[in-house]
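Participant: For reference, the sequence and a predicted model appear below.
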Amino acid sequence: MTFTEIFEQHDWDEVKESIFGKTSQDVEAALSKTSKRSLEDFKALISPAATPYLEQMATLSRELTLKRFGKTIHLFIPMYLSNECHNVCTYCGFSFGNKVKRKTLTDKEIIQEITFLKEQGYDHVLLVTGEDQTNVGLPYFENAIKLISPHFSQISMEVQPLEQKEYEKLVALGLNTVLIYQETYHKEDYRKHHPKGKKAHFHYRLETPDRLGKAGVHKIGLGVLFGLEDWRTDSYYTALHLDYLERNYWQTKYSISFPRLRPFSGGLEPKVEMNDRELVQLICAYRIFNQEVELSISTRESPKFRNNIVKLGITSMSAGSKTNPGGYTVEKESLEQFEIDDERSPHEIVQMLEKQGYEAVWKDWDRSYAAL
């Protein structure tokens, strides 16, 4: 059974009602389990009924994370290659309708950015673009990875969905990880926020992780944009998707990210606010539900929040990020995709981690591993 078939068996309103109908008994049953938690357990852990159990959830989440990952936090850096985009997205600074200066990095500019990021200590780079198949399609990605791969042990991408054969070509060149966020699993709201462009095709995006799994990508990153719809229901669908992928592509690793809607010029106000306490609840719920999945937090969040979340389940974070193409050395004043909150340098983040007894990991993958 495909994930699309599984997805169509779940009604959004019924899932939401089920989550909000969970009781304290359901939460206690989920927390007391010694075996693998079910999707129904996950519903209980993200439900309003779990709110009084947050301290207990945080303690358990920390224990499970230490057992699996130890006192380590993996550091990565986004590198924006282009803000050209053919999609209209209501929440994004790169949206096609926004009258902004467009920029795609040249080979020389890519090398310039690489040089700076290597000086900061990074060995894992996340390549990000808008979705423009004409100017920033497969040939551009192939060329960029060829330029970048000699300098970084781990290359991740967050770009438009591609076909399986295209992913296979990029994997052969050194691509390690692909992040593909559904944004929201609410089909009607998805259409509202993506009225034009290839991204408007809900099911094509929904099926992208399957193409990634078949292409042999080492790691797949999932997530939604919190603020577009009810965060609890969207998170359940993300967990449902993760569960399906782990069963079908068991050799692949997975990560979950937690982006909350951030301001940009003329930006969208969140439909549903998600406060800090609720985000902590969700992070802990994911860890209790799945002890293997990597949990990542970006510089969208405040320094205080990121400091406090280190010990509660997070395993990777970005630092010193810029969200505009060439933002480190080439086009420092060009349009950002969204505003960041934590502007601390990588060195400051390392110091923060060390004060809490954690080790910053710059590299947890090497292409030579693939031959083992």
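Facilitator: Everything's here; your move.

Participant: For residue 203, which non-adjacent residue is spatially closest?
Facilitator: residue 4 (5.9 Å; C-beta to C-beta, 6 or more residues apart in numbering). In this view, the C-beta of every residue, glycine as well, is placed from N, C-alpha and C.

Participant: for residue 79, same thing?
Facilitator: residue 125 (5.0 Å).

Participant: With residue 217 instead?
Facilitator: Among residues not flanking residue 217 along the chain, residue 178 sits closest, at 5.3 Å (C-beta to C-beta, 6+ apart).

Participant: Check residue 47 too.
Facilitator: Closest to residue 47 by C-beta to C-beta, 6+ apart is residue 22, at 3.8 Å.

Participant: Could you check the pLDDT of that neighbour?
Facilitator: Reading off the confidence values, residue 22 has pLDDT 98.

Participant: hang on, it is in a helix, isn't it?
Facilitator: No: according to DSSP: H, G, I helix; E, B strand; the rest coil, residue 22 belongs to no helix; its state is coil.

Participant: I figured the residue nearest to residue 79 was touching residue 156, is that so?
Facilitator: Yes: the criterion here is C-beta atoms under 8 Å, and residue 125 meets it with residue 156 at 7.1 Å.

Participant: what about the protein, any weak spots by pLDDT?
Facilitator: Within the chain, the stretches with pLDDT under 70 are 263-267, 332-338, 364-372.

Participant: Quick one: residues contacting the residue nearest the centre of it.
Facilitator: Nearest residue to the geometric centre of the chain (C-alpha atoms, centre = their mean): residue 257, 3.4 Å. Residues counted as contacts of residue 257 (C-beta atoms under 8 Å, 6 or more residues apart in numbering) are 179, 181, 221-223, 296-298.

Participant: Quick check: of these, which lies closest to residue 139?
Facilitator: Residue 139 lies nearest to residue 179 out of those, by C-beta to C-beta, at 21.2 Å.

Participant: Pretty sure the closest one sits against residue 158.
Facilitator: Yes: counting by C-beta under 8 Å, residue 179 does reach residue 158; the two are 4.2 Å apart.

Participant: re earlier: specify the local secondary structure of the residue nearest to residue 79.
Facilitator: Classification of residue 125 by three-state DSSP places it in strand.

Participant: Enumerate every residue touching it.
Facilitator: If you count contacts by C-beta under 8 Å, 6+ apart, residue 125 has them with 76-79, 114, 117, 148, 152, 154-156.

Participant: give me that answer again for 6 Å
Facilitator: Residue 125 is in contact with 77, 79, 152, counting by C-beta atoms under 6 Å, 6 or more residues apart in numbering.

Participant: Give me the distance between it and residue 260.
Facilitator: 23 Å (C-beta to C-beta, to the nearest Å).

Participant: Including neighbour count, secondary structure and distance to residue 339, could the contacts of residue 257 go into JSON lines?
Facilitator: Listed next are the contacts of residue 257 as JSON lines, based on neighbours: other C-beta atoms under 10 Å; DSSP: H, G, I helix; E, B strand; the rest coil; distance: C-beta to C-beta, whole Å:
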{"residue": "179", "neighbour count": "19", "secondary structure": "strand", "distance to residue 339": "20"}
{"residue": "181", "neighbour count": "16", "secondary structure": "coil", "distance to residue 339": "18"}
{"residue": "221", "neighbour count": "24", "secondary structure": "strand", "distance to residue 339": "22"}
{"residue": "222", "neighbour count": "20", "secondary structure": "strand", "distance to residue 339": "24"}
{"residue": "223", "neighbour count": "19", "secondary structure": "coil", "distance to residue 339": "19"}
{"residue": "296", "neighbour count": "22", "secondary structure": "strand", "distance to residue 339": "19"}
{"residue": "297", "neighbour count": "23", "secondary structure": "strand", "distance to residue 339": "16"}
{"residue": "298", "neighbour count": "24", "secondary structure": "coil", "distance to residue 339": "12"}
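
Participant: if we can go back for a sec, narrow the contacts of residue 125 to those that are buried.
Facilitator: Buried residues within the contacts of residue 125, counting neighbours by 16 or more other C-beta atoms under 10 Å: 77, 79, 152.

Participant: What residues are bridge-paired with the second one?
Facilitator: Per DSSP bridges, the residues bridged to residue 79 are residue 127.

Participant: Please name the bridge partners of residue 175.
Facilitator: Going by DSSP bridges, residue 175 forms beta bridges with residue 155.

Participant: The residue lying closest to residue 199 once chain neighbours are set aside: what's it in contact with?
Facilitator: Using C-beta to C-beta, 6+ apart and skipping the chain neighbours, the partner closest in space to residue 199 is residue 87 (4.3 Å). Going by C-beta under 6 Å, 6+ apart, residue 87 touches 96, 131, 197, 199.

Participant: Residue 179 versus residue 87, what's the distance?
Facilitator: As defined by C-beta to C-beta, residue 87 lies at a distance of 16 Å from residue 179.

Participant: now residue 358
Facilitator: From residue 358 across to residue 179, the span is 23 Å (C-beta to C-beta).

Participant: now residue 79
Facilitator: Distance from residue 79 to residue 179, counting by C-beta to C-beta: 13 Å.
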